[in-house]
Structure formats: C-alpha cells, structure tokens
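Enquirer: Predicted model and sequence below, questions to follow.
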Amino acid sequence: MASYKTKILLVIQYPESALDLALLMEAPDTVVIRASSCHDAVALLSEHRFALALIDAQAPLGGGLALAALLRGNSRTEAVPFIFTNATQTSLADIATGYEHGAADYLLEPFEPLITYKRIRVFVELDQKTQALQQQQLLEIANLKITAEAARLAKSRFLANVSHELRTPLGAAIGFSELLATSGSRLNEADHNCLAAITRNSRLALSLIDDIIDLAKLETEQVDLDIASVDLRQLLLDLQAVYVHRAEDKGIAFAIKLPGPLPRMICTDQRRLRQVLNSLLSNAIKFTNQGQVELSVALKQGSSVSLEFTVKDSGCGLMAAEIAQIFQPFIQADSSTTRRFGGTGLGLVIAQRLAQLMGGDVVVRESLIDVGSTFTATINPGLLDHADQFASHSFLSDVDAKLLKTPASPLRLDGLSILVVDDTNDNRLLLRRLLEQRGAKVDSANDGFQAVEMALANSYDVILMDLQMPGLDGYGATAQLRSRGYVRPVIAVTAHAMGDELDRCLKVGFDHYLKKPVQHPQLAQTIITARNNAAYPPALQGWDL
C-alpha cells in the first residue's frame with residue numbers, strides 16, 4: 001500500500017484559494033489534481049478515481065451546485081464525497097443548500113490551517129483504509145482460490161486412489177469368475193449359478209462405485225466431454241442388442257421406434273450419451289414387471305435443434321411428490337425402493353447432469369401409479385448432415401440382421417509375445433490366464449523397473465502396463481521406455497476411473513488405455529489393434545483379425 005496515493009479533486013475559482021488548500025493537503029499519501037472549471041472537473045472525474053472533491057460553491061460555468069448535481073446524477077461519481085468552499089460571506093441558508101445538494105462538509109475562508117487539514121485528512125485516511133481492506137480482501141480471495149484448487153486436486157487424487165483400490169479387487173473377482181465360467185471346466189449347474197452370482201454382485205458393486213465417483217466429478221466440475229462424430233444408427237443397434245435380452249429375462253418386451261428419419265452421424269460424447277441412455281433404460285426395465293419398455297428417438301426442430309430420446313415403460317409409476325425429488329442425489333422414490341431394487345439413487349441425477357453438459361436435459365414427461373412412466377433425454381446433436389439419414393424400416397431390418405447374426409468366434413492371439421506388468425499377483429495371474437487361453441505367450445513383471453529391463457531385453461509385441469505401482473509406476477516406466485527409443489505398443493491397464501487419465505496416458509507415450517475390470521473381448525481387440533498400428537519394420541506388420 002506504500003505506493004497508493006489518495007486523489008483529491010480541487011475545483012476552486014480563485015488561484016490563491018486553490019494554492020492555500022493545495023498546501024494544506026500536501027502529504028506523501030495524497031495527490032491533488034486541480035480543475036480550472038466545472039467542465040474540466042467533469043473530464044477529470046471520468047478519468048480518475050477521486051476520494052474527495054473540494055468544490056467552490058461559486059465556481060464559474062454553471063457553479064458548484066450544478067457540478068454537485070452532476071456528481072450525484074452519475075453512477076460512476078455518485079459515491080464521491082465533496083466539500084463546498086466559499087471565499088465570500090455565506091449565509092446559513094446557502095450552507096443548508098449546499099448540504100441539500102449532498103455536500104459532506106462546508107469550508108469558509110479564511111481557512112484555519114490545522115482544522116482544515118484535519119477535516120480533509122478524515123477522508124484521506126478513510127480512503128487509505130478502504131484501499132488497504134480491499135487489497136487484503138483480494139489477497140484473501142486469491143489465497144482461497146489457491147486453497148480451493150489444492151483441495152480439488154487432493155480430492156481428485158483421493159478419488160483416483162479410492163477408485164483404484166476398490167476396482168482392483170472387484171476386477172479380479174469378476175475376471176476370475178468369468179474365466180472359470182468360460183474355461184470349459186466340468187461345473188454343474190449349481191457351480192455356474194454361484195459363479196454368476198459372484199459376477200453379478202461384483203458388477204453391481206462396481207456400478208455403485210462408478211456412480212459415486214461420477215457424481216463427485218460432476219459436483220467439482222471435473223467432467224470434460226469428448227465431442228466426436230457418433231454413428232447414431234450403430235448406437236441404437238447396440239442398445240437394441242443389449243436391452244432386448246435384458247427385457248426377455250424379465251418376461252417383458254423391448255422396442256426402439258423412430259417416428260421419422262434421423263441423421264446417421266451426430267456430434268456428441270458417445271460414452272456419456274450411452275451412460276445417460278443406459279441409466280434410463282436400465283431403470284425402465286428394473287421397475288417394469290409386465291408389459292414393455294419402448295425407446296423412441298426423434299429430431300426436434302425449433303429455435304434450436306435437439307435430439308430427443310423418450311423412454312416409456314409400463315412399470316410401477318411415480319407419485320407427484322416422488323417426481324419432485326427424483327433428481328436429488330441419494331434420494332429414491334421411497335425407502336422401500338432400495339430394499340426391493342437396490343441402488344444409490346444416483347443414476348438419474350448423473351444422467352440429468354450429463355445431459356445438461358451435452359446441451360440438453362432429462363425430465364419426467366409423465367408418470368402414473370401402476371400405469372408407467374415416460375422419461376425424456378435431450379442433447380445437442382451438433383452440426384448435422386441431413387443428406388445422410390436413416391429411417392425406421394432400414395433400422396428395423398438392421399436390427400433383425402444383427403439379432404440373427406451368428407456370434408463371432410473369440411479373437412485369437414496365437415504367436416503374440418506379451419509382457420504383463422502389475423504389482424498385484426492376482427492381476428498378473430488373471431491376465432496371464434486370459435491371454436494364454438487365446439494363444440499368447442506371456443511374461444510378467446511386478447514393477448516399473450523390472451518392466452523397463454525386460455522390455456529392452458526382449459522383443460514383446462505388446463506390453464500391458466498397470467499405472468499405479470510402488471517404486472517406478474506405469475507412467476514413469478513408459479516415459480523411460482519412450483525416451484530410450486522403445487517404439488512397440490504399450491497399453492495402460494488401470495483401475496483408475498478419473499476423466500483425465502486417458503489424456504495423461506497418451507501424453508506419456510501409451511498407445512491405448514483399458515480400464516479394469518477388463519472385458520475379455522475388448523482386451524484381445526485392443527491388443528490386436530495396437531499390434532497392427534505399431535511402428536514396426538515392414539516384415540513384422542500385418543497381423544490379421
């Protein structure tokens with residue numbers, strides 16, 4: 001604050017009076033700026049922030065009273081205090097008029113030096129203290145921002161670590177149960193039921209963890225959308241393939257309806273759009289015991305273009321009071337819902353906030369008890385190519401063909417040499433079994449140091465690298481390999497679930513990214529894709545699916 005100087009405007013008609021006041025106001029923390037007329041004063045007031053104005057009540061070109069009226073009539077200057085001065089005999093009525101115009105004080109000549117100085121210093125010191133307080137507040141706000149950012153980063157790291165620690169054992173449980181179920185071992189029906197229960201409940205716990213982490217990221221605005229071209233028809237075909245079977249398992253019907261033609265390609269975040277639709281469709285099927293669930297998709301034209309997904313079910317329905325709170329975190333329709341159907345009550349909250357991020361919303365269109373509910377999700381579809389569209393009849397034929405198509409044989413990894421790097425023995429064992437089952441040759445390392453040493457000493461086709469390991473983690477190991485000229489594919493395999501993980505992996509030098517628990521077909525497909533895209537010499541390229 002030592003460099004800050006309080007500015008005082010001096011509008012005095014007679015030079016000798018102005019000089020007297022200027023001398024009285026001289027101080028290291030004060031700057032006196034003189035205006036020779038009211039016109040000049042108005043110009044100076046627009047350029048400077050004054051803490052006080054001293055105005056001659058009989059100033060020329062309109063007088064001090066007119067200038068006072070201008071001060072009080074302008075939002076920029078209405079808060080500037082001013083003191084009237086007068087070099088001639090002034091009546092009490094004149095002084096009262098000055099106060100009525102907003103004067104903070106009235107000074108009459110001859111000026112008594114000490115008293116005049118003290119009266120002016122009150123305003124100077126008030127201004128100095130105000131500035132000091134504002135600077136302190138700005139400093140405190142800056143410190144609060146720094147503290148808040150540090151807390152946000154700490155929370156982000158905490159969520160990443162919690163995600164890793166919770167997803168790792170669940171991933172192993174799911175992986176081994178699925179591996180055992182598909183291994184061809186002689187298991188009876190009771191054994192298969194037990195394995196299915198392990199997988200089902202592990203995946204349920206995993207989905208709850210993902211919901212809690214997603215909500216935490218949304219609450220701290222850490223969700224960034226990955227906007228890209230999305231094949232809408234393929235997305236709907238994938239949903240049909242999944243939910244027609246889930247509906248059949250409950251003895252209800254499922255259908256997708258297209259009232260009109262739709263654009264083949266849209267621009268949005270495919271993963272988040274799937275998440276919104278999966279939440280609405282899963283809820284509809286979960287709460288419907290008879291009848292059907294229907295997904296209708298339409299393009300809405302108006303002041304803006306939106307893509308509307310309407311999910312209609314014939315389930316238990318909602319009361320008006322339940323609808324009012326259904327988009328509140330951790331709240332379900334009633335306490336019995338959790339006991340009957342499970343869940344945290346986060347799915348719709350997350351779906352709505354994600355839809356809002358994508359330029360739309362999720363709302364309850366209607367709901368009647370024992371009749372059913374209709375939910376609508378809207379998004380901004382981005383720029384559209386109206387020449388490339390598909391209609392209901394072509395989509396339905398694609399659905400029929402997809403449902404009748406013979407499932408593809410599992411992808412094989414015969415002859416591929418793969419290094420698995422993970423500090424958890426269960427994960428290394430699981431990946432080894434999965435990869436060897438598909439024909440790969442597998443070595444393993446339990447930390448980043450060993451991984452770097454083995455990778456440089458051997459010619460692995462692909463490395464599967466865990467990220468969070470003691471000593472040298474996956475980021476550091478991959479960075480070291482790239483810095484030493486290693487060009488073969490390195491795939492991140494991690495239980496981290498934070499949104500910025502993929503970007504960080506790609507920047508370090510990973511080729512691909514897999515999130516635990518790894519889907520078995522996705523694992524093989526990612527390995528083959530990485531192997532085919534690798535910067536190998538020509539003699540080593542050409543792996544076929």
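Expert: Received the coordinates, thanks.

Enquirer: okay, and the helix or strand of this protein with the least pLDDT?
Expert: Within the chain, confidence by mean pLDDT, DSSP states H and E is lowest for helix 335-341 among all helices and strands, at a mean of 49.

Enquirer: State the next helix or strand along the chain beyond that one.
Expert: helix 347-357 (DSSP states H and E).

Enquirer: mind checking the SS state of Q290?
Expert: coil (DSSP: H, G, I helix; E, B strand; the rest coil).

Enquirer: That one: neighbour count?
Expert: 10 (other Cβ atoms under 10 Å). C-beta coordinates here come from the backbone N, C-alpha and C atoms, glycine included.

Enquirer: Got phi/psi on the residue nearest to it when sequence neighbours are not counted?
Expert: Closest residue in space to Q290, ignoring its immediate chain neighbours: I252 at 6.3 Å, by Cβ to Cβ, 6 or more residues apart in numbering. Dihedral angles of I252 (phi, psi; degrees, to the nearest 10) stand at phi -120, psi 170.

Enquirer: Tell me who's in contact with I252.
Expert: Counting by Cβ atoms under 8 Å, 6 or more residues apart in numbering, I252 touches I285, T288, N289, Q290, G291, Q292, V293, S314.

Enquirer: I figured the first one was touching V244, is that so?
Expert: No: in this structure, I285 sits apart from V244 without contact. The criterion is Cβ atoms under 8 Å, and the distance is 10.4 Å.

Enquirer: Show the contacting residues for the closest residue to G372 other than its chain neighbours.
Expert: Nearest non-adjacent residue to G372, counting by Cβ to Cβ, 6+ apart: S314, 4.3 Å away. Going by Cβ under 8 Å, 6+ apart, S314 touches I252, T288, Q290, G291, Q292, V293, V371, G372.

Enquirer: Relative to E322, how far out is the first one?
Expert: Which is I252. For I252, the distance to E322 (Cβ to Cβ, to the nearest Å) stands at 22 Å.

Enquirer: What ranges does the stretch 51-200 of the chain have for its strands?
Expert: For the stretch 51-200 of the chain, the strands defined by DSSP state E, counting those that start in this stretch cover 52-56, 82-86, 105-108.

Enquirer: quick one: low-confidence parts of the stretch 201-350 of the chain?
Expert: 220, 222, 330-345 (pLDDT under 70).

Enquirer: all helices of it, in order?
Expert: 232-249, 270-286, 320-325, 335-341, 347-357 (DSSP state H, counting those that start in this stretch).

Enquirer: in stretch 44-60, what's buried?
Expert: L44, L45, F50, A51, L52, A53, L54, I55, D56, A57, Q58, A59 (16 or more other Cβ atoms under 10 Å).

Enquirer: Assumed the third one was part of a helix.
Expert: The reference is to F50. No: secondary structure of F50 (three-state DSSP): coil, not part of a helix.

Enquirer: out of the strands of the stretch 51-200 of the chain, nearest to Q519?
Expert: strand 52-56 (73.4 Å; Cβ to Cβ).

Enquirer: Give the pairing partners of that closest one; include direction for each.
Expert: strand 6-11 (parallel), strand 82-86 (parallel) (DSSP bridges).

Enquirer: Who are the packing partners of the longest helix belonging to the chain?
Expert: Longest helix of the chain, by residue count under DSSP state H: helix 113-181. The contact analysis (3 or more Cβ pairs under 8 Å, 6 or more residues apart in numbering; DSSP states H and E) places helix 113-181 against strand 6-11, helix 15-25, strand 52-56, strand 105-108, helix 189-219, helix 425-437.

Enquirer: Now do V31 against K5, distance only.
Expert: 5 Å.

Enquirer: ok, the two, which is more surrounded?
Expert: Neighbours around V31 and K5, counted as other Cβ under 10 Å, are more numerous at K5. The numbers are 17 against 14.

Enquirer: which residues touch the more buried one?
Expert: By Cβ under 8 Å, 6+ apart, the neighbours of K5 are D29, T30, V31.

Enquirer: Likewise for L235?
Expert: L235 touches Q270, L273, R274, counting by Cβ under 8 Å, 6+ apart.

Enquirer: Not including adjacent chain positions, what is the nearest residue to the residue nearest the centre of the chain?
Expert: Against the mean C-alpha coordinate of the chain, by Cα atoms, centre = their mean, the closest residue is V223 at 2.5 Å. Leaving aside its sequence neighbours, V223 sits nearest to K217 (Cβ to Cβ, 6+ apart; 5.0 Å).

Enquirer: tally of neighbours for that neighbour?
Expert: Neighbours of K217 (other Cβ under 10 Å): 21.

Enquirer: separation between it and A387?
Expert: Per Cβ to Cβ, K217 is found 38 Å from A387.

Enquirer: Next: L218.
Expert: On the measure of Cβ to Cβ, L218 and A387 end up 36 Å apart.

Enquirer: Have a look at the two and say which one is more surrounded.
Expert: Counted by other Cβ under 10 Å, L218 and A387 do not tie: L218 has more neighbours, with 19 against 7.

Enquirer: mind listing what that one touches?
Expert: Contacts of L218 (Cβ under 8 Å, 6+ apart): I350, R353, L354.

Enquirer: Check the gap between the closest residue to the second one other than its chain neighbours and R272 for me.
Expert: Read that as R353. In this structure, R353 finds its nearest non-sequential neighbour in L218, 4.9 Å apart by Cβ to Cβ, 6+ apart. As judged by Cβ to Cβ, L218 and R272 stand 11 Å apart.

Enquirer: same question, L70
Expert: 56 Å.

Enquirer: Which of the strands paired with strand 52-56 has the lowest mean pLDDT?
Expert: The minimum mean pLDDT among these belongs to strand 82-86 (a mean of 84).

Enquirer: Would you reformat the contacts of L218 as TSV and include neighbour count and distance to V363?
Expert: TSV is the format used below for those (neighbours: other Cβ atoms under 10 Å; distance: Cβ to Cβ, whole Å):
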residue	neighbour count	distance to V363
I350	25	15
R353	21	13
L354	24	14
